[in-house]
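# Generate coordinates for the sequence data below:
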Amino acid sequence: MSQFNESSRVSILPGVQGSCRAGRWLGFAISRQFAAQQELRPPVSSAGRLLVVIVGLVLALALSSHVLAQAPSAGARDVRELVSKHLTLLTDLPAGDDVDALPELFDQAFPQWCEYFGVDPAKHADWHVRACLMRTPERFAAAGLLPASVPEFRSGYALGDAVWCRDQASPYYRRHLLLHEGTHAFMHSLLGGVGASWYAEGIAELMATHSLVDGRLTLNVFPKSRDDFSKWGRIEIVATETAAGRAMSLPRVMAYDPKVDGENEWYGWCWALAAMLDHDPRTRDQFRRVPKLVESPHFDAGVAKLFGADWSRLAADWQVFSATIDYDYDFARMRVDFASGKSLAKDGAQVQVAADRGWQSSGVKLEAGKSYRVRAQGRYQVAREPRVWWCEPGGVTIRYYRGQPLGILLGVVYVGDAQANATNDWAAPQPLGLGGVIKPDRSGTLYLRVNDAPDSLADNAGLIDVEITGEL
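This next block holds a predicted model:
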């Protein structure tokens, strides 16, 4: 059954009429964008504001006249128009459920954007976006629907209330891209800005990451499995880059500049930071106040002030999250309670490690250049379906996670200065198993955990007894 809402309208876009409409649309979008930029600058006089309006109208009329003067394009006759309350979609893709449902799904996104960003939907009931979904961009350019004034883009581009999207290789990612650019349009139109680049792209990715069940769209979900998010790949980007020693620190992600850094891989980093801040219960409330800062010229300073004393800890949280990121991430069980260790006593230390938690402080500080012996014992559960899987610190070798046996004891020496140190200490844990030697090249606190996926900790149970002794 088609998910396309029968109240939406479908038509074939005539050449001249479509070109004229495109000119007025782009002119209006540019005038809106120009006016929005002026709002971020110092106040101007009434005459100045009038000039802004006049310039915008002249741009709109000039573009409309230019496009109208063009000869009717045969390409425009191959473009369909699909209309719903909040979206007019122009596309050269053939009719089908996945495409024709997009305007109605966009309408479902609108109240969710309003709720997240604190916008009254009743006051903006007439908000409307015009979007081009293009299999052949040249066809849209020839029809005047993709003017030369729109810069080159790889996937999508938003300008005021106008959006352009190249077609994508999967229905999920096609929807995702439209929702991503729709988030930009919503923020520009109704919030007056998008904040710094890391936030603009991170929040657009966050709100575009969605589920679709029985025709019902839900924005801002944390992906549960790769299968439902075909061609998305944000988690893979962060995990692969971190494993290769190219992890991005929190300050580096926040310094993202699309003119210098490009776009594609950075979407993964920006999404991951926004997802951590929004889905972690400890930071969610502060992060959801960030939209009030999007017009501020001191955006990043305002964000840091929102988090207050928690800001320094976030750099460490970010390192752990980016090093352990995976589908269906269990934020509560993966939360790290950072506790600096003390120098090891002469008779060593005895600690316990819970099998159902992420990294846990041993309370022991290891000195650079010294060797320490770690011994572990215990029997604990690492799964309960289809039956209980029992495990010892050496791990279960019939199943592996990230190259190590499931349930094996892992260790990391965390230096404890994530702000100043770009090295991600959590990215390459040392397998300890039943026993091992640690000789750190930097002094830091020893953290321990069992090797398991972040979505599989809930069915673990039991404790590991760990003994740490001094230099051999």
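# Double-check Leu179 against Leu206; I have them as touching.
No - between Leu179 and Leu206 there is no contact under CB atoms under 8 Å: 10.3 Å. In this view, the C-beta of every residue, glycine as well, is placed from N, C-alpha and C.
# and Val336, what element?
For Val336, there is no enclosing helix or strand under DSSP states H and E.
# how much space between it and Asp459?
Counting by CB to CB, to the nearest Å, the gap from Val336 to Asp459 is 21 Å.
# neighbour-wise, which of the two wins?
Per other CB atoms under 10 Å, whichever of Val336 and Asp459 has more neighbours is Val336, with 21 against 16.
# how's the protein carved up into domains?
Using automatic domain parsing, the domain ranges for the chain come out as 9-193, 226-329, 342-469.
# Now the second one: average pLDDT?
Per-residue pLDDT over domain 226-329 has a mean of 93.
# ok now that domain, how far from the chain's centre?
The chain centroid and the centroid of domain 226-329 are separated by 7 Å under CA atoms, centre = their mean, to the nearest Å.
# residues near the closest residue to His210 other than its chain neighbours, how many?
Distances taken as CB to CB, 6 or more residues apart in numbering put Leu219 closest to His210, at 5.1 Å, once the chain neighbours are dropped. Neighbourhood size, Leu219 [other CB under 10 Å]: 19.
# My understanding was that Leu219 contacts Phe110; is that so?
No - contact between Leu219 and Phe110 fails when scored by CB under 8 Å: they sit 10.2 Å apart.
# Distance-wise, check Ala383 relative to Leu82.
Distance from Ala383 to Leu82, by CB to CB: 47 Å.
# out of those two, which sits in the more crowded spot?
Leu82 (25 against 18).
# Distance of His279 relative to Tyr172?
For His279, the distance to Tyr172 - CB to CB - is 20 Å.
# do Arg442 as well
43 Å.
# Of those two, give the one with the bigger neighbour count.
Applying other CB under 10 Å to Arg442 and Tyr172 shows that Tyr172 carries more neighbours, namely 20 against 15.
# Which stretches in the stretch 151-300 of the chain count as helices?
Using DSSP state H, counting those that start in this stretch, the helices assigned to the stretch 151-300 of the chain run over residues 171-186, 197-208, 234-243, 250-254, 258-261, 264-279, 284-287, 299-307.
# Packing partners of the first one?
On a contact count with 3 or more CB pairs under 8 Å, 6 or more residues apart in numbering; DSSP states H and E, helix 171-186 meets helix 97-100, helix 102-117, strand 129-134, strand 156-159, strand 162-166, helix 197-208, strand 210-213.
# let's go with 7 Å and repeat that
helix 102-117, strand 129-134, strand 156-159, strand 162-166, helix 197-208, strand 210-213 (3 or more CB pairs under 7 Å, 6 or more residues apart in numbering; DSSP states H and E).
# Could you list the residues in contact with it?
If you take CB atoms under 7 Å, 6 or more residues apart in numbering as the criterion, helix 171-186 is touched by 98, 102, 105-106, 109, 113, 129, 131, 133, 155-158, 161, 163, 165, 167-168, 194, 203-205, 207-210, 219, 229-232.
# What subset of those residues is buried?
By neighbour count, with 16 or more other CB atoms under 10 Å, the contacts of helix 171-186 hold 102, 105-106, 109, 113, 129, 131, 133, 155-158, 161, 163, 165, 167-168, 194, 203-205, 207-210, 219, 229, 232 as buried.
# what comes up buried for stretch 354-369?
By 16+ other CB under 10 Å, the buried positions in stretch 354-369 come out as 354-367.
# residues contacting Arg449?
353, 357-360, 410.
# State the pLDDT value of Phe106.
98.
# just checking, it touches His86?
Yes - the criterion here is CB atoms under 7 Å, and Phe106 meets it with His86 at 5.7 Å.
# Give me the phi and psi angles of Pro405.
The phi/psi pair for Pro405 (degrees, to the nearest 10) reads phi -60, psi 140.
# Identify the nearest residue to it in space, disregarding sequence-adjacent positions?
Of all residues not flanking Pro405 in the chain, Gly395 sits nearest, at 2.9 Å (CB to CB, 6+ apart).
# What distance do you get for that neighbour to Tyr199?
From Gly395 to Tyr199 the distance is 40 Å (CB to CB).
# One more: Gly245?
Look at Gly245 and Tyr199: by CB to CB, they are 26 Å apart.
# where's Thr423 relative to Ala323, distance?
Here Thr423 is placed at a distance of 11 Å from Ala323 (CB to CB).
# now swap in Pro171 and tell me
In terms of CB to CB, Pro171 sits 32 Å off from Ala323.
# Need the contact partners of the helix or strand hosting Trp318.
Trp318 belongs to helix 311-324 when assigned by DSSP H and E. The contact list for helix 311-324 (CB under 7 Å, 6+ apart) reads 238, 242, 247, 249-250, 272-273, 276, 304, 307, 334, 336, 338, 358-359, 418-419, 424-427, 454.
# Now the buried members of those residues.
Burial by neighbour count, judged by 16+ other CB under 10 Å, picks out 238, 242, 247, 249-250, 272-273, 276, 307, 334, 336, 338, 358-359, 418, 424-427, 454 from the contacts of helix 311-324.
# need the next SSE after the helix or strand of the chain with the lowest mean pLDDT, C-terminal direction.
Least confident helix or strand of the chain, by mean pLDDT, DSSP states H and E, is helix 46-68 with a mean of 38. Note on helix 46-68: by DSSP H and E, the next helix or strand toward the C-terminus is strand 80-83.
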